Structure formats: C-alpha cells, structure tokens
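In: just the structure for this:
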Amino acid sequence: MSVAYIISNASAASGILPVLAALYNYKHLDKVLKIAAAFFIISFLSDLVQFITAVSGVKNNVPIIHLFIIISILFFGAIYYHAFFKPFLKKIIVILSAVALLIVIINIIFIEGIWEYPSISNTVLSVLLIFFSLAYFYELLNRQEFVHIEKQGLFWINAAVLFYFSLNIFLFMLFRRIISMHQTDYYIIHNIVNIIANILFAVGLLCRPQKTTLYQY
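Out: Below you'll find the predicted structure:
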C-alpha cells in the first residue's frame, strides 16, 4: 500500500470532519455558517457518490464533478453574499457568481464537455473564490468593530477557501497535462491540501458566535 494511496483515502475521509463539526455545533451556527454546513454535507455526499461509483465499476463519474462545481458556485455565492456588509460588494458577488456559472455551463456544453475532467471550470471556480476570500479578509480587517477574528467561524472557513484554491489552482489548470504525462503522484498535493482545508473548515464550524464592540476613532 503506497503513501499516495493512504493519503488519497485520508483526503476522502477528511470530508466527514466539517460535517461532524456542523452537526455537533449546529444550534450555535449563524445563518452564514448554516449555509456553509449544508454545503459541506453536500460535498461529503458528492465524494461518497464518486467513491461508490468508482468501486462499482463506473468508468466515468466526471459528470458528478461538473455538477458539484455548479453547486459550489451557488453555495459560496450565497455564503459570501451574506458575509459581506457593503451593498456594492454584495452586488459584485452576484454578478461574478453569475458570470462564473455561465462560463461553467458553456464549458460543459461547448468546450470540455460533461465527460471530460472540468479543468476550465475548476480554474474558474478557483479564481472566483480566491477573489471572494481576499475581498472578505480585506473587509474583515477594515471593520469599525473590534472582533477577535480568530474566534469567528467564517474567518477559518475563508482561510481554508483561500488556502485550498490558491494551492490547487495550478493543478486544476494543468490536470490534463499531468495525466497525459502519467505524473499522477502530483495529485498528492491536492489530497494533503484537502485534508488541511477540511480541518480548518471543521474548526470554523466549531466556533461559537462572538460579541462585537464598536470601535470609536
């Protein structure tokens, strides 16, 4: 049993961590974190379906990944829409999410197709969420309220989003080349990053709501 195989299985299993955290702390989750919790449950179910189809002998379960990318855009669009405070940023979230969704649908129909790995769609999703996460950090650090950001659940979730997509975007972009060169061991990077991200997601969902104090200049 290779190290890559063990890490791959650990990566798949780590998806249960944010689900367990959400179930344990559900009554303390605010609206945004409840949306996030629903997403992580769907994410875990998606991974489970991919695993079941793979062991059942289904040769191509890539359509599940295409569908999950669409779900990711919708859910993260909703998460960041409710997370941001400024109305113009909320409008930007809606516009960019709609544009990303349109590109993904065009990619499914006209470019890569539903049976090919969605390298373009994953790259679009990565660019979108890297932008959202950086914008959220900027707004969070410029609020006129005193908050312990390390105690904010969305801080950890946002950090995980930035960490995961920043490190994996190049793997998504070059996935076909990696596969064609039979360099599948490079995907171990994704699996390690995924494990760490799921741990951060779980930490975020275990956070309790914190009181904020208006900061006077």
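In: quick one: contacts for residue 115?
Out: With contact set as C-beta atoms under 8 Å, 6 or more residues apart in numbering, residue 115 has these partners: 60, 62-63. (Each C-beta comes from the backbone N, C-alpha and C, glycine too.)
In: just the residues you listed: which are in helices?
Out: 62-63 (DSSP state H).
In: now neighbour count, distance to residue 140 and pLDDT too, for the contacts of residue 115, in CSV please.
Out: Formatted as CSV, the contacts of residue 115 follow (neighbours: other C-beta atoms under 10 Å; distance: C-beta to C-beta, whole Å; pLDDT from 0 to 100):
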residue, neighbour count, distance to residue 140, pLDDT
60, 11, 41, 93
62, 16, 36, 95
63, 14, 36, 96
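In: show me what the helix or strand encompassing residue 8 is packed against.
Out: Using DSSP states H and E, residue 8 maps to helix 3-13. Packing contacts for helix 3-13, counted by 3 or more C-beta pairs under 8 Å, 6 or more residues apart in numbering; DSSP states H and E, involve helix 188-206.
In: could I get the buried residue list for the helix it packs on?
Out: By 16 or more other C-beta atoms under 10 Å, the buried positions in helix 188-206 come out as 188, 190-191, 193-195, 197-206.
In: before we move on, what about stretch 78-96?
Out: Under the neighbour-count criterion of 16+ other C-beta under 10 Å, stretch 78-96 has 78-84, 89, 92-93, 96 buried.
In: nearest residue to the residue positioned nearest the centre of the chain in space, ignoring adjacent ones along the chain?
Out: By C-alpha atoms, centre = their mean, the chain has its centre lying nearest to residue 161, at 5.4 Å. Sequence neighbours aside, residue 133 is the residue nearest to residue 161 in space, at 4.7 Å (criterion: C-beta to C-beta, 6 or more residues apart in numbering).
In: please, which helix or strand holds the one you found?
Out: helix 119-141.
In: which one of the buried residues of helix 188-206 is nearest residue 123?
Out: Comparing the buried residues of helix 188-206 against residue 123 with C-beta to C-beta places residue 190 closest, at 13.6 Å.
In: now for residue 48, how many residues are close by?
Out: Counted with other C-beta atoms under 10 Å, residues neighbouring residue 48 total 13.
In: over to residue 49?
Out: Residue 49 has 15 nearby residues by other C-beta under 10 Å.
In: ranges for the strands of the protein?
Out: Taking DSSP state E as the criterion, the chain carries its strands at 145-146, 213-214.
In: least confident of those strands, on average?
Out: Among the strands of the chain, strand 213-214 carries the lowest mean pLDDT, at a mean of 46.
In: and stretch 173-186, end to end?
Out: In stretch 173-186, first residue to last residue: 13 Å (C-alpha to C-alpha, to the nearest Å).
In: can you give me the mean pLDDT across that stretch?
Out: Mean per-residue pLDDT for stretch 173-186: 69.
In: could you do stretch 21-32 as well?
Out: Averaging pLDDT along stretch 21-32 gives 95.
In: dump it to PDB, keeping only the CA atoms.
Out: The C-alpha coordinates for stretch 21-32 follow below in PDB (Å, rounded to 0.1, in the frame of the first residue of the first chain):
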ATOM      1  CA  ALA A  21     -18.500  19.700  13.400                       C
ATOM      2  CA  ALA A  22     -21.600  21.200  11.900                       C
ATOM      3  CA  LEU A  23     -23.800  18.600  13.500                       C
ATOM      4  CA  TYR A  24     -22.200  19.000  16.900                       C
ATOM      5  CA  ASN A  25     -22.400  22.800  16.900                       C
ATOM      6  CA  TYR A  26     -25.500  23.300  14.700                       C
ATOM      7  CA  LYS A  27     -27.600  25.200  17.300                       C
ATOM      8  CA  HIS A  28     -24.800  27.800  17.700                       C
ATOM      9  CA  LEU A  29     -24.300  28.400  13.900                       C
ATOM     10  CA  ASP A  30     -25.500  31.600  12.400                       C
ATOM     11  CA  LYS A  31     -27.200  31.900   9.000                       C
ATOM     12  CA  VAL A  32     -24.000  32.000   7.000                       C
END
